[in-house]
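Participant: got a sequence here, can you build the structure:
(chains A and B)
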Amino acid sequence: MKYINIDKKNWANGLKNLYENYRLFGPVKNNKNHVFKKLSKGELPDLNYLNTLLSPKSIVFPQSETMFEYSLDESKEDHHILKEIDKDYSPRALIGIRPCDAVSFKLVKRNFDTPEYKDPYWLSAYESTIFAGLACSNPCSTCFCTSAGCGPFHEDGLDLLLVDEGEYFIAKILTSRGETFIKSAGWETEADPIAAEKTIKNMKIKAEEKIASFVSTDQLKNKSAIDLYAAPFWEEIAFACINCGTCTYGCPTCWCFDIQDEISKSSGIRMRNWDSCMYPLFTLHGTGYNPRNAKVQRVRQRFMHKLKYYADKYGDGIQCVGCGRCIRLCPVNIDIRKVCDIMNNYES
Amino acid sequence: MPEYTAKIKGISARLLKEEKVEIVIGFRKGTIPMMNEPCFVKTPEDVKELVWDSNCGINLANYLTNRKEKIGIIAKGCDSRNIVTHIIENKIKREQLFIIGVPCKGMVDKNKITSMFENEINEVSEVEENIIVKGEGFEKTLNKNDVLQENCKICIHRNPVLYDELAADLLDEQKNIDRYEDVRKIEAMATEDKWKYFKDLLSPCIRCYACRNACPLCYCPTCFVDESRPQWVGKSLDTTDTRTFHFLRAYHCAGRCTDCGACERACPMGIKVRTFTKKLEKDCLELYGWEAGLSLDERPPLDTYRPDDPEGFIK
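Facilitator: Numbers count the residues shown, from 1 in each chain, chains lettered A, B, ... in the order given. Now for the predicted structure:
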């Protein structure tokens, strides 16, 4: 494994070099909160942050994404034919993404990259992106990543991991793409791998010790989905829910979308927009029948999908990385940690 | 506020024991600072869960819509006004309700408090008028009046307007409050400036509809933005569609909004959505001398006709 020391004095210059070869995205403070955005030339990401208000999933999976355009003008030869929209899939990098958010892309990939179906938009955007992670030395009180399959120094899903050592960053190179990226920045000071790994390990232990909140998931696999589905606790869990989409829009692993056509005069576009299982329209059938007509059904679906159906289908843990955004953002304090524990401990 | 909580628990336990109500709707202590969770209790034993403090900003009238059972509900001033509105609009019957009125000293603005500190807040407690904020390496005592929600600061109906029993003595209402200073500032803007102001105001909107869904007035079986046959409003982040949603929603609330602030409190992006509803509230007051939710005996101005209705705004 290769480690590079990046003196913070060379940080801005390296980014300037990177700007020539990559479109750079990073966290910046917008009003009171941090958000991921495309950095303009010379703009530096603000890496002194806990985590962004919303997850960076929109960088790869925009909230609204136009896929096709078409004309309804029958005097045109190509009328009523869907035409691909030109998109920029040139190389880009997400700088300073937290390990929990990075691993979320791998969870989401299971939906967009299957043996049967490959989502060209998501995959092209994903494959054009370098994930330059930033290890988390100060996790939030709502972070429960270590019991949700990752952690503050987790490396899965990253091309490189930056570790803030005060005067400098240690960059742990995890993939060849990460190596190319670092080279392109001109950061060349190799660190002694043994010492660097030791430093990182110590910092990792300290960070993990700071994680104060956990979920228990060990029993979920053994529970019957039908028993959990029919459990009596859903009414109480769902009561406060107002069925807004905040939890799903803030979540790095929620992947549902809805396809819409919008037509203006004789030209139209076909787009997809984030959808949310919290919305009544989400499962409304063409017949007018809605299998999830009641709030309690929708709330149950959200938690069952994340904590049971996903876990059963892929056999690789829950569809949650423990970032805690849904807990922080929920207007009525519905807490996935509590729900997860109720489900995990439920005896029918 | 421990005395409020004790009284609420006592009344609720009695109501449930005497079977005067089937459930009591209130708040339980939240899992993170400055958040409580709306909840229900069905047995006298469970009332121990109930809590009252300065983090009960969600409007509980929202949880009454179309319920059928006998309900005990904890209501601060604004909640009680929305209960009145709910009764007038046939969303609940007065006879179904036992209203436990809470004279309200205001709710704290969690966004404001959060933005006052660089580090994460781990604990917030309150002792009378002091809010004690703790985090890693800091502890600070704030005066509650300095960190109230904007709507609470200018509230002139802190006492419930309709109740069956009180959880505390009635309070003196705030006097000489200028409720519309901010609205007048916007009214005075040139058209282009006003447009830019609204554009900037709404630019962070992600259309999660938390504002709409936290609002007790928004109970339409299908909201106009969700209507799909035919579809009226686009579903992307197109600015025209987003503005259409906010503007129309505000108009739907004209003469009904009690400025409870639930919308603003619920917004994950921190948008001051009350900006719209307040202008309409001001108009209703100036044109019709109307404040929503104060009386069960009077119809709201926009669902009734009077020969002397003002019509100067019809052009």
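Participant: surely residue B:151 meets residue B:261?
Facilitator: Yes. If you go by C-beta atoms under 8 Å, residue B:151 and residue B:261 touch, sitting 3.6 Å apart. Using the backbone N, CA and C atoms, a C-beta is placed for each residue, glycine as well.
Participant: which residues do those two both contact?
Facilitator: Common neighbours of residue B:151 and residue B:261 (criterion: C-beta atoms under 8 Å, 6 or more residues apart in numbering or on different chains): B:78, B:274.
Participant: OK, contacts around residue 225?
Facilitator: Answering for chain A, as no chain was given. Contacts of residue A:225 (C-beta under 8 Å, 6+ apart): A:304, A:308, A:309, A:312.
Participant: think we crossed wires, I meant chain B
Facilitator: By C-beta under 8 Å, 6+ apart, the contact list for residue B:225 reads B:209, B:232, B:233, B:235, B:244, B:245.
Participant: surely it is within a helix?
Facilitator: No. Counting by DSSP: H, G, I helix; E, B strand; the rest coil, residue B:225 is not part of a helix but coil.
Participant: what's the pLDDT at it?
Facilitator: Looking at residue B:225, its pLDDT reads 94.
Participant: got the domain ranges for the chain?
Facilitator: All of this is about chain A. With domains defined by automatic domain parsing, chain A comprises A:2-210, A:220-345.
Participant: switch to chain B, that's the one I care about
Facilitator: Split by automatic domain parsing, chain B gives B:1-105+B:155-174, B:178-302.
Participant: scan the contacts of residue B:225 and report the most crowded one.
Facilitator: Ranked by the number of neighbours (other C-beta atoms under 10 Å in any protein chain shown), the contacts of residue B:225 place residue B:209 first, at 26 neighbours.
Participant: I'd assumed residue A:248 was in contact with that one.
Facilitator: No. If you go by C-beta under 8 Å, residue B:209 and residue A:248 don't touch, sitting 11.3 Å apart.
Participant: which residue, neighbours along the chain excluded, lies closest to residue A:213?
Facilitator: Nearest residue to residue A:213, sequence neighbours excluded (C-beta to C-beta, 6 or more residues apart in numbering or on different chains): residue A:144, at 4.6 Å.
Participant: and what of residue A:303?
Facilitator: In space, and not counting its chain neighbours, residue A:303 is closest to residue A:339: 5.1 Å by C-beta to C-beta, 6+ apart.
Participant: shouldn't that neighbour be within a helix?
Facilitator: Yes. Per three-state DSSP, residue A:339 lies within a helix segment.
Participant: for residue B:163, helix, strand, or coil?
Facilitator: coil.
Participant: ok, it - contacts?
Facilitator: B:75, B:80, B:99, B:100, B:101.
Participant: re the thing from before, of the contacts of residue B:225, list those near chain A.
Facilitator: Near chain A, judged by C-beta under 8 Å from any C-beta of the partner chain, the entries from the contacts of residue B:225 are B:209, B:235.
Participant: quick one: which two of the contacts of residue B:225 are the most distant?
Facilitator: Farthest-apart pair in these is B:209 and B:232; separation 15.0 Å (C-beta to C-beta).
Participant: quick one: the helices in the chain, in order.
Facilitator: I'll assume chain A. A:11-21, A:57-60, A:99-112, A:120-127, A:176-185, A:193-210, A:225-229, A:234-239, A:246-250, A:295-304, A:310-314, A:325-329, A:336-345 (DSSP state H).
Participant: hm, I was asking about chain B
Facilitator: Counting by DSSP H, the helices of chain B are B:2-17, B:77-88, B:110-115, B:150-153, B:181-187, B:191-202, B:210-214, B:239-252, B:262-266, B:274-288.
Participant: pLDDT weak spots in chain A?
Facilitator: By pLDDT under 70, chain A has no low-scoring segment.
Participant: what residue lies at the spatial centre of it?
Facilitator: Using C-alpha atoms, centre = their mean, the residue of chain A that lies closest to the mean C-alpha position is residue A:252, 3.0 Å off.
Participant: and it, what does it touch?
Facilitator: If you count contacts by C-beta under 8 Å, 6+ apart, residue A:252 has them with A:55, A:56, A:57, A:100, A:101, A:104, A:105, A:108, A:321, A:323, A:325.
Participant: so which of those residues is the closest to chain B?
Facilitator: Using C-beta to the nearest C-beta, the shortest approach to chain B within those belongs to residue A:325, at 9.1 Å.
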